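Engineer: okay, here's the prediction I keep looking at, along with the sequence it came from:
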Amino acid sequence: MSWVTQTFSSTLGRKLIMSLTGLFLSVFLIVHVSGNFQLFHSDEGLGFNKYAVFMTTFPPIKVVSYGLYAFILLHAIDGLLLAAKNRKARGPQRYVVVRNQSSWASRNMAILGTVLLLYIVVHMHDFWWQYKFGEVPYRQYEQSLATGTVTSSAYNGPAIQGKMEEFVREDTQTRVTIVKDLYAETKAAFANPLLVAFYLLGMWALAYHLVHGFQSAFQTLGWNHPKYNPLIRFVGVWVFGIGIPLAFAAMPVYFYIKSLGA
Amino acid sequence: MEGNMNLTLQVWRQKNSRTEGRMESYKLSGISEDMSFLEMFDVLNEQLIVEGKEPVAFDHDCREGICGACSMYINGRPHGPLQGVTTCQLHMRSFKDGDTIVVEPWRAQAFPVIKDLVTDRGSFDRIISAGGFISVNTGNAQDANSIPVPKENADASFMAAACIGCGACVAACKNASAMLFTSAKISQLALLPQGQAESAARAKKMIAQMDEEGFGACTNTGACAAECPKGISMENIARMNREYFAAEMGTKE
Ligand code: HEM
Ligand code: SF4
Ligand code: FES
């Protein structure tokens, strides 16, 4: 056996995979949440739609996304296989009474992960799949070059090559952007209270997964040191366990509340 | 030793490794709160012998918290309700008159039950034999000052060496993982100059043996360290992971 297969088939090596892929996914979440903040801009979705084009066409980002899909799969498969192995290690006879001295999240990473996997499948189907293969309408934005104010309307003109066309109109002194309207898709999707509830469930699972997972990943890497532990714990709990899930959860809630007013 | 505690014990009874076991209930009276938990079991066994029944088999040796033989999963916790205490050092004053106490053996694929509360912990011995030692020729001890050891390392090594190999960490872990034990045994040597020569080979061999025995992987729940009677810290697991990754990446094979 080569040292690579030897390392990654041992329990420790397989935990190393969990830790590295888990941290990579965590970093991705920061990028994803900061981009999605453009949903809250009052520019009728111009910034968000342009960001969606950038993320799906800029080659380095495309490469990273395919890596990301592979890592999600690797993390999920390795995690579930480890969970099965761990269950078997207890043996056929269970304890009659158990008084746990560990946190709930740390004992239920596989259940939380399974909820997350379901969430990711639904989420990818609703947005990624629709955007790539579905019938997403185009919207035309006109942004004044002088004042920056944006007006928009549904686009009914001739077919567009690709996801976006952008040009400057001399007569009106505006920048015209005709772009696939993912913003409208988002708005429509989150008018459905069931979907909003499912997203909240997903973010609840993410919160608990990361409250334990983020610090756990450092322990797995062997990074357990009194100098750094307080910082790792703080970031794990406040940024990844609370901040990011809350920010994500705010998006469906925001659109749902808006849909009630409309 | 006379006392006035009345207790109900629910104990795992199993004839041998090939038969199914089950919980049995026993009533005990006149237990003194100054008895140790094992002495209470001695009283139970005398009672069973008088009744012509098979006494409960349980492991014990030193009865002073240093050998690691005693192993009882008491009311859902290895070594019972106290922190930093082995079953033999647990006393009946930790319980109340009228209590029901549930006693089970360690549960792990790698610790099969031999009889009643006795499990075969040979898997731990095999992890040690795989590399938990230093190969030196015996002879006169050399001058203590010829090998400088920083005080912090000596202390940390000593703390790791406090592991008595009882297996409570495995019993407490939902994954029946032996990482706390193995990491203590790797750390006590990795922290000292004498342990350096074989450090890479040791980490690889001991971890391979640990996997071979069928212990689970670590999910860093911390249940092991919370239940360890010797206060072994999870820092040892982090050190073991560093030793192992460095060994796999840094050695030729
Ligand atoms: C955005 C998505 C996700 C992120 C950011 C994430 C992050 C993490 C992190 C940082 C860890 C800790 C690794 C360690 O202890 O070394 C972890 C562990 C784990 N994750 Fe995820 N995860 C995600 C999705 C999933 C999914 C979809 C599953 C699928 C079932 C999953 C299953 C697990 C399991 C079972 C563990 C525990 C592994 C172990 O300690 O043995 N995770 N995750
Ligand atoms: S690490 Fe603690 S609980 Fe585990 S065998 Fe050693 S002394 Fe017992
Ligand atoms: S009998 Fe030796 S530690 Fe309990």
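Structural biologist: Thanks, I have it. Given the structure is predicted, the values throughout are model-derived calculations rather than measurements. Ligands and ions are numbered 1, 2, ... in the order given.
Engineer: near ligand 1 at all, the longest helix seen in chain A?
Structural biologist: Across chain A, the longest stretch assigned as helix under DSSP state H is helix A:59-89. Yes - against ligand 1, helix A:59-89 shows contacts by Cβ under 6 Å from any ligand atom at A:75, A:76, A:79, A:80, A:82, A:83. For every residue, glycine as well, the C-beta is placed using N, CA and C.
Engineer: list buried residues within the residues you listed.
Structural biologist: A:75, A:76, A:79, A:82, A:83 (16 or more other Cβ atoms under 10 Å in any protein chain shown).
Engineer: leaving out the residues flanking it, which one is nearest to the second one?
Structural biologist: When you say that, I think you mean residue A:76. residue A:117 (5.2 Å; Cβ to Cβ, 6 or more residues apart in numbering or on different chains).
Engineer: isn't that neighbour up against residue A:79?
Structural biologist: No - at 9.1 Å, residue A:117 does not count as touching residue A:79 under the criterion of Cβ atoms under 8 Å.
Engineer: quick check, residue B:202 in contact with residue B:128.
Structural biologist: No - between residue B:202 and residue B:128 there is no contact under Cβ under 8 Å: 10.6 Å.
Engineer: and for these two, which residues touch both?
Structural biologist: Common neighbours of residue B:202 and residue B:128 are not found (criterion: Cβ atoms under 8 Å, 6 or more residues apart in numbering or on different chains).
Engineer: list the contacts of residue B:154.
Structural biologist: Applying Cβ under 8 Å, 6+ apart, we find residue B:154 in contact with B:191, B:192.
Engineer: does the worst-scoring helix or strand of chain A on mean pLDDT reach chain B?
Structural biologist: Least confident helix or strand of chain A, by mean pLDDT, DSSP states H and E, is helix A:3-9 with a mean of 81. Yes - Helix A:3-9 is in contact with chain B by Cβ under 8 Å from any Cβ of the partner chain, via A:3, A:6, A:7.
Engineer: may I ask which of the residues you listed has the most neighbours?
Structural biologist: If you count neighbours using other Cβ atoms under 10 Å in any protein chain shown, the busiest of the residues of helix A:3-9 next to chain B is residue A:7, which has 20 neighbours.
Engineer: surely that residue and residue A:17 touch.
Structural biologist: No - in this structure, residue A:7 is not within contact of residue A:17 by Cβ under 8 Å, at 9.7 Å.
Engineer: which strands and helices sit next to the top helix by length along chain B?
Structural biologist: Ranked by residue count and defined by DSSP H, the top helix of chain B is helix B:235-250. The contact analysis (3 or more Cβ pairs under 8 Å, 6 or more residues apart in numbering or on different chains; DSSP states H and E) places helix B:235-250 against helix A:3-9, helix A:11-36, helix A:193-221, helix B:179-190, helix B:199-212.
Engineer: CSV for those, including distance to residue B:173?
Structural biologist: Output for the helices and strands packed on helix B:235-250, formatted as CSV (distance: least, Cβ to Cβ, whole Å):
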stretch, distance to residue B:173
helix A:3-9, 21
helix A:11-36, 12
helix A:193-221, 14
helix B:179-190, 8
helix B:199-212, 13
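Engineer: contacting residues for residue A:169?
Structural biologist: A:142, A:175, A:176.
Engineer: where does chain B have its least confident helix or strand?
Structural biologist: helix B:193-196 (a mean of 92).
Engineer: check chain B and tell me which residue is nearest its centre.
Structural biologist: Chain B has residue B:166 as the residue nearest its centroid, 1.7 Å off, counting by Cα atoms, centre = their mean.
Engineer: if you could redo that for chain A, that was the one I meant.
Structural biologist: Central residue of chain A (Cα atoms, centre = their mean): residue A:29, 5.2 Å from the mean position.
Engineer: thought it was touching residue A:240?
Structural biologist: Yes - if you go by Cβ under 8 Å, residue A:29 and residue A:240 touch, sitting 7.4 Å apart.
Engineer: give me the element residue A:47 is part of.
Structural biologist: helix A:46-57 (DSSP states H and E).
Engineer: just the CA trace of that helix, in CSV.
Structural biologist: C-alpha atoms of helix A:46-57 as CSV (Å, rounded to 0.1, in the frame of the first residue of the first chain):
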residue,chain,number,x,y,z
LEU,A,46,-29.2,44.1,-10.5
GLY,A,47,-26.2,43.5,-8.3
PHE,A,48,-27.3,40.0,-7.3
ASN,A,49,-28.0,38.9,-10.9
LYS,A,50,-24.6,40.2,-12.1
TYR,A,51,-22.9,38.5,-9.2
ALA,A,52,-24.6,35.2,-10.2
VAL,A,53,-23.2,35.6,-13.8
PHE,A,54,-19.7,36.3,-12.5
MET,A,55,-19.8,33.2,-10.2
THR,A,56,-21.0,30.9,-12.9
THR,A,57,-18.7,32.1,-15.8
